[in-house]
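Asks: I would like the atomic coordinates for the input below:
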Amino acid sequence: MSQPEHFEMLVLGSGEGGKYLAWHMAKSGHRTAVVERKLIGGSCPNTNCLPSKNEIWSAKVADLVHHADRFGIVTGSTATDMKRVLARKREMVDGLIAMHLDRYKASGAELIMGTGRFIAAKTIEVKLNDGGTRVLTGDRVALNLGTHATIPDIPGLAAAEPLTNVETLELDRLPDHLIVLGGGYVGLELAQAYRRFGSRVSIVEVGPQLAGREDPDVADAVLEMLHDDGIEVHLGIKVLRVQGRSGQTVSLQMRTPAGDQTVEGSDIVVAAGRTPNTDGIGLDLTGVVLDDRGYIAVNDRLETSAPDVWAIGEAAGSRRPYASSSIRNVPALRMIPAIAFRRSGLSVAVVGLCSVGVR
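Replies: Sure thing, here's the model as predicted:
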């Protein structure tokens, strides 16, 4: 085993909270290291927040072109080139990664690329992406682990190799008919974007309304917007089975209030919640307690049950959606428990408790 290397601040995960913490601590004179498996800067600049808004903006432009006559503009035949949409998004991501690397260099924080796992309290073994192993210890440790898309336990779904938001934003082709499993924020964004690009789109939601955390009148307004875009929506259903393979032909057998039905499409994307990245990284050796859903239990100071170990970001106990994972656990901002912003036709913003939250 490699000899342990000691740091004053050790951060596992380079997401929104982790990177800013690391840069600040390093600039303040503390020896700081960040361990990141793959995504420099975390999911926001690489796969989630900014890439999705990039493609949503392209979809908005496509929608404006489609309705140019409303503005007195005459256009000819138009089509979406998904290869160029993807290239535009990737160019943005590449620029953001370069910016992050510059920030690490300027701050003095060490970015270590590899897979980290706890082997003892405040001790992380890192299998380096370039080969070899390092063992790191820290006076203080911050867990910035993030989440990944949940794949529900539905017969045939995993075998269908469904897309998640990550793979959907990497498509260089336009699905003929995209089935979106889940009517929450992520599913709604992707559904509207791909409809505007030119795909047929069907949303399948198990709950009685879209955007289940919002008030019914807000959900009704969103449903009306989607119907205006030509999106098919199924509410209050139970998915019985999925057959086929995404990217070829896929069918979804479901039980609805009106009886059993089947939806057939070319692709299926799962947007049915998130799972914290807390499994299989040795947290059981650290004294860090998880809640019943696998999220890290924290207090109002983001302290975990283990001394000198904090958790930040999406895996840190909070169950409410926020505009950014960098503010989701800031105690002063808990007076604004839910904010949903949309840079598309779904222009919905919510501040404060809705009726569901009050109950």
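Asks: look up the closest residue to residue 148, ignoring the ones flanking it.
Replies: Beyond its immediate neighbours in the sequence, the residue positioned closest to residue 148 (Cβ to Cβ, 6 or more residues apart in numbering) is residue 275, lying 5.7 Å away. Glycine gets a C-beta too; all of them are placed from N, C-alpha and C.
Asks: residue 136 pairs with what?
Replies: Judged by DSSP bridges, the bridge partners of residue 136 are residue 5, residue 124.
Asks: isn't it right next to residue 11, touching?
Replies: No: contact criterion Cβ atoms under 8 Å: residue 136 and residue 11 do not qualify, at 10.3 Å.
Asks: please say which of these two ends up with more neighbours.
Replies: Set side by side, residue 136 and residue 11 give different neighbour counts by other Cβ atoms under 10 Å, the larger being at residue 11 (31 against 22).
Asks: quick one: mean pLDDT over the strand or helix carrying that one.
Replies: Under the criterion DSSP states H and E, the helix or strand holding residue 11 is strand 4-12. Strand 4-12 shows an average pLDDT of 98 in the prediction.
Asks: between strand 4-12 and the helix or strand following it, find me the angle.
Replies: Along the chain past strand 4-12, the next helix or strand (assigned with DSSP H and E) turns out to be helix 16-27. Between helix 16-27 and strand 4-12, the angle comes out at 140 degrees (axes from the mean of the first three to the mean of the last three Cα atoms, to 10 degrees).
Asks: how about the helices in the stretch 251-359 of the chain?
Replies: Counting by DSSP state H, counting those that start in this stretch, the stretch 251-359 of the chain forms helices over residues 355-358, given from the N-terminal end onward.
Asks: tell me how many other residues surround the nearest residue to residue 15 once chain neighbours are set aside.
Replies: Take residue 15 and drop its neighbours on the chain: the residue closest to it by Cβ to Cβ, 6+ apart is residue 42, 2.9 Å away. The number of residues packed near residue 42 is 26, by other Cβ under 10 Å.
Asks: go on, residue 229?
Replies: By other Cβ under 10 Å, the residues close to residue 229 number 16.
Asks: what do residue 136 and residue 11 both touch?
Replies: Common neighbours of residue 136 and residue 11, counting by Cβ atoms under 8 Å, 6 or more residues apart in numbering, are 33, 35.
Asks: leaving out the residues flanking it, which one is nearest to residue 22?
Replies: residue 109 (4.3 Å).
Asks: dump the residue contacts of that neighbour.
Replies: By Cβ under 8 Å, 6+ apart, the contact list for residue 109 reads 22, 23, 25, 26, 32, 33, 34.
Asks: which parts of the stretch 151-300 of the chain are strands?
Replies: If DSSP state E, counting those that start in this stretch is used as the criterion, the strands of the stretch 151-300 of the chain fall at 177-181, 200-205, 232-235, 238-245, 249-256, 259-265, 267-270, 274-276.
Asks: about what we covered before: what's the closest of the contacts of residue 109 to residue 93?
Replies: The shortest separation between residue 93 and any of these is 18.8 Å, and it belongs to residue 34 (by Cβ to Cβ).
Asks: hey, what's the closest residue to residue 160 other than its chain neighbours bridged with?
Replies: Setting aside the residues directly before and after it, residue 160 is nearest to residue 242 in space (Cβ to Cβ, 6+ apart), at 4.9 Å. In this structure, residue 242 bridges to residue 252 when assessed by DSSP bridges.
Asks: quick one: residues contacting residue 242.
Replies: Neighbour list for residue 242: 154, 155, 156, 157, 159, 160, 162, 250, 251, 252, 253, 268 [criterion: Cβ under 8 Å, 6+ apart].
Asks: so for it, what pLDDT did the model give?
Replies: Taking residue 242 on its own, its pLDDT is 98.
Asks: quick one: it from residue 181, how far?
Replies: With distances defined as Cβ to Cβ, to the nearest Å, the gap from residue 242 to residue 181 amounts to 9 Å.
Asks: likewise for residue 197?
Replies: 19 Å.
Asks: between the two, which one's more packed in?
Replies: Relative neighbour count places residue 181 above the other of residue 197 and residue 181, with 25 against 22, counting by other Cβ under 10 Å.
Asks: bridging residues for that one?
Replies: According to DSSP bridges, beta-bridge pairing links residue 181 with residue 204, residue 270.
Asks: does it really touch residue 271, like I thought?
Replies: Yes: between residue 181 and residue 271 a contact is recorded at 6.7 Å, counting by Cβ under 8 Å.
Asks: now do the shared contacts for the two.
Replies: residue 187.
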